[in-house]
Each structure stands twice: as structure tokens, then as C-alpha cells.
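Peer 1: Build me a model from this:
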Amino acid sequence: MSREVVIMDSALVCAAGNLDQCWQELMAGGSALTALRMEGLNCQVGRIAALGNELGTGRRLATLLDLGLSHFRGAWCRDRLHLVVATTKGAADEPLSDFRIPGRGFAWQVAEMIAHRLDAVLPCSTVSAACASGTVALIQASQMIAADQADQVLVVGVDILSRFVLAGFSQLQALAHGPCRPFDKTRDGLCLGEGIGLMLLAAQETVPRHRRADRATIRGWGLACDAGHITAPCRRASGLTAALRQATRNGAEAVGAINAHGTGTLYNDTMEIRALRNMWGEMPPPLHGVKGAMGHCLGAAGVMEACLAVKALEAGQIPPTVGLRIAEAFPGHLSNRPQQLLSPTLLTCNSGFGGINAALMLGMN
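Peer 2: Coordinates of the predicted model:
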């Protein structure tokens, strides 16, 4: 029998600050995006000031890990604790500048760096599934707990700004000319960000009874790949639609609101709208996206957005979609103002290059 998965603790650090600061900024409709001018680039990014101006280095990545862990107050049991890390490139620029640098900061070393900082020897795995990495990592962790392969799993999603990734999105002509505007009719691209999200999952039966009350739980998940193009999503939204159907038991589960991937690019937002129409027609649950306030944090996005989803469940409402002026679709369901949840559940989804799509259903006990 499958075990229920409980969210014990969560934390994040992004351009807007820690979890509480980020939530307050989102609810106020504010944005932490700032200008970045370098090497022919003139764009807006969600940069964490405490990391300094240098991009894409192992030192910068290590500082972000320390910042994230310092904000995480979770108490875990060392027995049957696993670590799952989501990232895309690690400290991407440093390995490129000199491949002879002995490794600290490569994507496959981030889990080892975190375990070292926890002073623990843990079973570790690393998920690098493009921009869906964080949500895929949470699904993998939930499956481990449900299948009795672990009692607790610490999921960490982390990525930093790098010249390599900025240049790549620039070549794809995917960077916005100003602040990004998810789901807006006049959107013209995304803004990259950086951050770390941490979430401790546990089997319900292993949680002391006095700590079970008012806990968010993982209610369901979905994972699908449309494999249509290396960078472009499926025009029919086949992969995301399949993931949404899995996470909601083919629409049978009530969805209180949706945190969308919402990058602000023409193709991604159009694909997401198509998937939502496939599921709910013109009447989806209340819908929002956070990347207009903090940027697209790549492999960290799914974990960070799940942390914010827990805050939304606790508050009973979702934040505005920052940057939205004229919604391309779903008037009244997509707003630049806070919206109330229809039920104590929230569906969060992310999509990535290669056609990877992941969705996670959260709810309150």
C-alpha cells in the first residue's frame, strides 16, 4: 500500500530574499528583477545581491548553498534519509573557462557539496531534467517514500546565473527586452533568475502525531515527455496535458489553483494555455506564475515554486502574476491581483527542453 507523503519543512532564497520575504513581495505585486549589462547582453535578471557580481563560479554556487541551508530549520532523522538534488548546469562558467580546474561545482557534484555541508553520509541522487528538474526531483522523492524506499527525503533545487546559460537563451532570442510578462499578450521572452529551494518530505506514518496537524501533503504527480523538439514545446501540449491528467487522476481531483511554468516566452505560454484548455476548456482554476517577480531559476524553479505553493495553501490564496497587463487567455482566472483558492489544493507544473513536463498536486491535511 502506498504511503502518504507529508511536507515537513521548506525554505528558499531568491532575488527577493528568503521564503517569507519572497511571499510578501509576490503578494504585493513587486518584482526583484534588476538590469544586467555584460558582453553584449542588456536584460533583466533575478540576481541575489549577497552572491556578488561574478557569475557562474563554484564559489558563488557554494555561497548560495550555504545561504539556503542557513535558512532551513528542518530537523531530520538520519535513518533512511535520502538527498535528491535538482540542477541544470551547476557552476557552468567555471568549468568552461578552464576544464583542468579540479571539480567543485559541476552539476554532478552538487549533491556531494550539500551532503558535506550537512556533515552527513547520505544516499544521493541528482536530477538534471532541464527546467522541469525541480518538480521531477520532488516526484522522485515522493515515489521513494510512497514505495517505502525512504522515510525522509531532502529535496534541494539550486541554480545560479551564468554567462553560458544567458548566452544560450540570447542565441535562441528567448530573453525579454525588459521585465518578463508571463501570459501577457505583449510578452517577448523570459528573464533568468537564480536561487535555491529546499523541501523535506516524510512518510506520514513516521511523523510524530503532534507534528501532523496542518501539514501540506503531496496528493499526486504526473510526468510525461512529448519529445517533439530539443528546445520548443509540443504545439499540441501533449506532454503537459498528460502530466496534468496524471496528477489530477484525469481531472477527478479538485484543483484549488494552478502555479504555471509561465516563462513569458511566446511558445511556452501558448503551449501551457493549450494544455489548460485541453483539461478545463475556458474555465480553469485560478492561475498564476511567479517568474515575472523572481526570474526563471531553471533547475531550482520547481522546488522553489513548490515552497511558495505551500505558502499559498496556508494563506488560502495565490499571488498576482507580476508583469501581467492584458491576459492572452482566461480573463478572470489569470490576474495581476491575488486570487482565492477554490479548494485547499494547488497544482504546480514545470516544463523543460527536450519536451519534459512535470506536475505536482499539493493539498492541506
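Peer 1: what are the ranges of the helices in this protein?
Peer 2: Assigned by DSSP state H, the chain shows helices spanning 19-27, 58-71, 93-97, 110-117, 133-146, 163-171, 238-247, 266-280, 291-294, 301-315.
Peer 1: okay, those helices, which one's buried deepest?
Peer 2: Neighbour counts (mean count of other C-beta atoms under 10 Å) averaged over each of the helices of the chain peak at helix 291-294, with a mean of 30. (Each C-beta comes from the backbone N, C-alpha and C, glycine too.)
Peer 1: Kindly export that helix (C-alpha atoms) in CSV.
Peer 2: The C-alpha trace of helix 291-294 is given here as CSV (Å, rounded to 0.1, in the frame of the first residue of the first chain):
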residue,chain,number,x,y,z
LYS,A,291,8.7,34.3,-12.8
GLY,A,292,7.8,37.9,-13.5
ALA,A,293,8.9,38.7,-9.9
MET,A,294,11.9,36.5,-9.4
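Peer 1: That helix packs against which elements?
Peer 2: Other helices and strands packing on helix 291-294, by 3 or more C-beta pairs under 8 Å, 6 or more residues apart in numbering; DSSP states H and E, are helix 19-27.
Peer 1: Show residues contacting the helix it packs on.
Peer 2: 10-12, 14, 16-17, 31-32, 71, 290, 293-294, 307-308, 311, 315, 319-320, 322, 338 (C-beta atoms under 8 Å, 6 or more residues apart in numbering).
Peer 1: Check the offset of that helix from the chain's centre.
Peer 2: Chain-centre distance of helix 19-27: 15 Å, with C-alpha atoms, centre = their mean, to the nearest Å.
Peer 1: For that helix, the averaged confidence score.
Peer 2: The average pLDDT within helix 19-27 is 98.
Peer 1: Ala16: neighbouring residues, count only.
Peer 2: Counted by other C-beta atoms under 10 Å, the residues lying close to Ala16 total 25.
Peer 1: pLDDT weak spots in the chain?
Peer 2: Residue ranges of the chain with pLDDT under 70: 1, 73-78, 95-104, 210, 212.
Peer 1: okay, now the domains of it?
Peer 2: 5-206, 215-364 (automatic domain parsing).
Peer 1: what's the most buried one of those?
Peer 2: Note that of the domains of the chain, domain 215-364 is the most buried (mean count of other C-beta under 10 Å), with a mean of 22.
Peer 1: Just the terminal-to-terminal distance for that domain.
Peer 2: One end of domain 215-364 sits 6 Å from the other (C-alpha to C-alpha, to the nearest Å).
Peer 1: and if you look at stretch 116-124?
Peer 2: The first and last residues of stretch 116-124 sit 12 Å apart, counting by C-alpha to C-alpha.
Peer 1: and it, how far from the chain's centre?
Peer 2: The answer for stretch 116-124 is 23 Å, by C-alpha atoms, centre = their mean.
Peer 1: ok, now stretch 253-264?
Peer 2: 12 Å.
Peer 1: same check, this time on stretch 268-280
Peer 2: Taking mean C-alpha positions (C-alpha atoms, centre = their mean), stretch 268-280 and its chain are 19 Å apart.
Peer 1: for stretch 148-158, same thing?
Peer 2: With C-alpha atoms, centre = their mean, you get 16 Å for stretch 148-158.
Peer 1: One more: stretch 52-62?
Peer 2: Worked out by C-alpha atoms, centre = their mean, stretch 52-62 lies 20 Å from the chain centre.
Peer 1: got the end-to-end distance for that stretch?
Peer 2: Its start and end residues considered, stretch 52-62 measures 12 Å (C-alpha to C-alpha).
Peer 1: For Ile114, see how far away the residue nearest to Gly352 when sequence neighbours are not counted is.
Peer 2: With C-beta to C-beta, 6 or more residues apart in numbering as the criterion, Gly352 has its nearest non-adjacent residue at 2.9 Å, and that residue is Ala130. Distance, Ala130 to Ile114, by C-beta to C-beta, to the nearest Å: 21 Å.
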